[in-house]
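S.K.: I need the structure of the sequence given here:
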Amino acid sequence: MPSAKILEQKKAVVEELAAKLKNAVSAVVVSYQGINTEDDTKLRADLRKANVEYKVYKNSAMARACEIAGYADMKPMFEGMTAIAFTSDDAVAPAKILKEYADKIKLDTFKLKGGFIDGEVIDTAKVEALAATPAKPVLVCKLMGSMMSPLYGLAYALQAVIDKSGEAPAEDAAE
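M.R.: Alright, predicted model coming up:
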């Protein structure tokens, strides 16, 4: 039987992870088996740059923390060598970086398992779809461009009417 001190330490880890998950806008769970240290270091550096926290916890601790945070449906994802990446900033970042990494290293053992976004538990297919979503600044630019396009069209049409009405008729010019 573990000592009371060890149980308190484990409880603190679970509570800390649960608090982080409650504050996160998205998370992605991966099976990281088979990656080498060099690739793992590069992955962690890319995730840090994007302000994404990537950790390996005991599966039982992750499952318990997800249950506390309201993501009990994620429990089946915590089997084997599992890591979790989560962020409170850009909801797309963990999925995008981990999917890009999984495609780059081409290991059958490094797999996206699922995750959550905005309180909804998602499966592997939805994580991959999320990874295909452009980054927030790109989406904002596209939205602004689509909003500006009709206005530019209207401005050009009005300018054409003004330009045309300012010209003298052909008959008046001959006199």
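
S.K.: From here on, just use CA atoms for contacts and neighbour counts.
M.R.: Fine.

S.K.: Would you point out which residue is most central in this structure?
M.R.: Centroid check for the chain by C-alpha atoms, centre = their mean gives V92 as the closest residue, at 1.6 Å.

S.K.: for that residue, what are its contacts?
M.R.: By C-alpha atoms under 8 Å, 6 or more residues apart in numbering, the contact list for V92 reads 26, 130-131, 133, 135.

S.K.: got a winner among the residues you listed for most neighbours?
M.R.: Highest neighbour count within those, by other C-alpha atoms under 10 Å: S26, with 27 neighbours.

S.K.: just checking, what packs against the host helix or strand of E15?
M.R.: Following DSSP states H and E, one finds E15 within helix 4-23. Counting contacts by 3 or more C-alpha pairs under 8 Å, 6 or more residues apart in numbering; DSSP states H and E, helix 4-23 is packed against helix 59-69.

S.K.: mind redoing it with 10 Å?
M.R.: Contacts defined by 3 or more C-alpha pairs under 10 Å, 6 or more residues apart in numbering; DSSP states H and E place helix 4-23 against helix 59-69, strand 82-87.

S.K.: re the thing from before, what are the phi and psi values for the residue nearest to the centre of the chain?
M.R.: When read as degrees, to the nearest 10, the backbone of V92 gives phi -90, psi -20.

S.K.: list the buried ones in stretch 50-63?
M.R.: Buried residues in stretch 50-63, counted by 16 or more other C-alpha atoms under 10 Å: 51-54, 57-59, 61-63.

S.K.: First-to-last residue distance for it?
M.R.: 25 Å (C-alpha to C-alpha, to the nearest Å).

S.K.: Rounded mean pLDDT for it, please.
M.R.: Stretch 50-63 carries an average pLDDT of 92.

S.K.: cool, and stretch 8-18?
M.R.: Averaged across stretch 8-18, pLDDT comes to 91.
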